[in-house]
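**Student:** The sequence isn't on hand, but the structure is:
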């Protein structure tokens, strides 16, 4: 979740499919269906090893009365598996187009943590994760963007995974340009019209030039009263929405905004949120929000005042809200 405070059902341009962080079935094992009957382990490794480290290959040949060959590929981490799934679904291997889904997750005491940055010391990682149970080892080199945390028990690992997967990032927002009324009317709950306490990023938009051009085009088409650009900077959670804050506190962990910034930079992507939250039937009052990390595209919207507010070069997001679907 993304928690906003302070001053301040549309589709987005060619988003990726649901991100693995939001897909409950996602794990590092891929199911490969419709494989050619002659396929070998080396065929699969050759086709998939460009996506990351493959730790296990298992091919299931058809038995008597069966016709299909299928298999399982286990990668070192979820990001690798997700990249492979996106790139290879439907591609022909030998003579057959392969079908790819996630395999059955195998419970493990080893937790993979991504989205880290050079500011994260080992002690902070241990402090953040040892509240779920006894940690046996942490495999992490300072400066890496990921770590492995090995717990003593399966329960501890699963508790950490469930709790830390739903982080919220307290922030304050300031208007940079555009119409504040656009933000006020769209940053609401679709069903009730009440002010939204939390925004949940459900999709990502890759920072490719054609997609950035499309965002610029939308701003121009919307006109001066059809968009708002906000600067989100780190902030403490407040009590202005006590019910929403209480609900969020029970289901998620408060995490510094820079962790979300680091994650989006690492993915080379913007976060995407359809507005109003939960959707509504009023097509006139709908829109889309893109949350951009520091990059050449987002820098164009920062003046000297905004740079002073941002304080740090890697601890802010530029939020572009455009009214209307396109």
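**Tutor:** Noted; the coordinates are in hand. Computed from a prediction, not measured in an experiment: that's the story for all the values here.
**Student:** Now for the chain, the helix or strand with the poorest mean pLDDT.
**Tutor:** helix 242-251 (a mean of 39; mean pLDDT, DSSP states H and E).
**Student:** Now the element after the one helix or strand residue 84 maps to, going C-ward?
**Tutor:** Using DSSP states H and E, residue 84 sits within helix 78-88. Using DSSP H and E, the helix or strand that follows helix 78-88 towards the C-terminus is strand 92-93.
**Student:** Name the surrounding residues that touch that following strand.
**Tutor:** Outside strand 92-93, the residues that touch it by Cβ atoms under 8 Å, 6 or more residues apart in numbering are 35-36, 39, 43-44, 47, 98. Placement of C-beta: from N, CA and C, glycine included.
**Student:** which residues does the residue nearest to residue 37 when sequence neighbours are not counted bridge with?
**Tutor:** Nearest residue to residue 37, sequence neighbours excluded (Cβ to Cβ, 6 or more residues apart in numbering): residue 69, at 5.1 Å. Under DSSP bridges, the beta-bridge partners of residue 69 are residue 35.
**Student:** just the helices in the stretch 51-200 of the chain please.
**Tutor:** Assigned by DSSP state H, counting those that start in this stretch, the stretch 51-200 of the chain shows helices spanning 78-88, 122-129, 154-165, 180-186.
**Student:** Pull out the buried positions in the third one.
**Tutor:** Right, the one you point to is helix 154-165. For helix 154-165, a neighbour-count test (16 or more other Cβ atoms under 10 Å) marks 156-158, 160-161, 164 as buried.
**Student:** got it, and the second one?
**Tutor:** By neighbour count with 16+ other Cβ under 10 Å, helix 122-129 contains the buried residues 125, 128-129.
**Student:** Now do that helix against helix 154-165, angle only.
**Tutor:** Inter-element angle recorded for helix 122-129 and helix 154-165: 100 degrees (by axes from the mean of the first three to the mean of the last three Cα atoms, to 10 degrees).
**Student:** What is helix 122-129 packed up against?
**Tutor:** Helices and strands touching helix 122-129, by 3 or more Cβ pairs under 8 Å, 6 or more residues apart in numbering; DSSP states H and E, are strand 110-113, strand 135-139, strand 147-151, helix 154-165.
**Student:** Output those as JSON lines; include the columns mean pLDDT.
**Tutor:** Shown next, in JSON lines, are those (pLDDT from 0 to 100):
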{"stretch": "strand 110-113", "mean pLDDT": "84"}
{"stretch": "strand 135-139", "mean pLDDT": "92"}
{"stretch": "strand 147-151", "mean pLDDT": "90"}
{"stretch": "helix 154-165", "mean pLDDT": "83"}
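**Student:** Serialize the ones you listed to TSV and add fields for distance to residue 186.
**Tutor:** Shown next, in TSV, are the helices and strands packed on helix 122-129 (distance: least, Cβ to Cβ, whole Å):
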stretch	distance to residue 186
strand 110-113	33
strand 135-139	42
strand 147-151	37
helix 154-165	27
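**Student:** Can you say which of the ones you listed is nearest to residue 293?
**Tutor:** strand 110-113 (19.1 Å; Cβ to Cβ).
**Student:** Buried ones in the longest helix seen in the chain, by neighbour count?
**Tutor:** Scanning the chain for the longest helix, with DSSP state H as the assignment, gives helix 209-222. For helix 209-222, the neighbour count (16+ other Cβ under 10 Å) marks 211-212, 215, 218-219, 222 as buried.
**Student:** ok, now stretch 63-72?
**Tutor:** For stretch 63-72, by 16+ other Cβ under 10 Å, it's 69-72.
**Student:** measure residue 170 to residue 255 for me?
**Tutor:** Going from residue 170 to residue 255 by Cβ to Cβ, to the nearest Å gives 9 Å.
**Student:** cool, and residue 71?
**Tutor:** With Cβ to Cβ as the criterion, residue 71 and residue 255 are 37 Å apart.
**Student:** what does residue 149 give?
**Tutor:** 16 Å.
**Student:** Show me which of these two is the more surrounded one.
**Tutor:** residue 149 (26 against 17; other Cβ atoms under 10 Å).
**Student:** ok, now how distant is the closest residue to that one other than its chain neighbours from residue 148?
**Tutor:** In space, and not counting its chain neighbours, residue 149 is closest to residue 111: 4.6 Å by Cβ to Cβ, 6+ apart. To residue 148, residue 111 is 7 Å away according to Cβ to Cβ.
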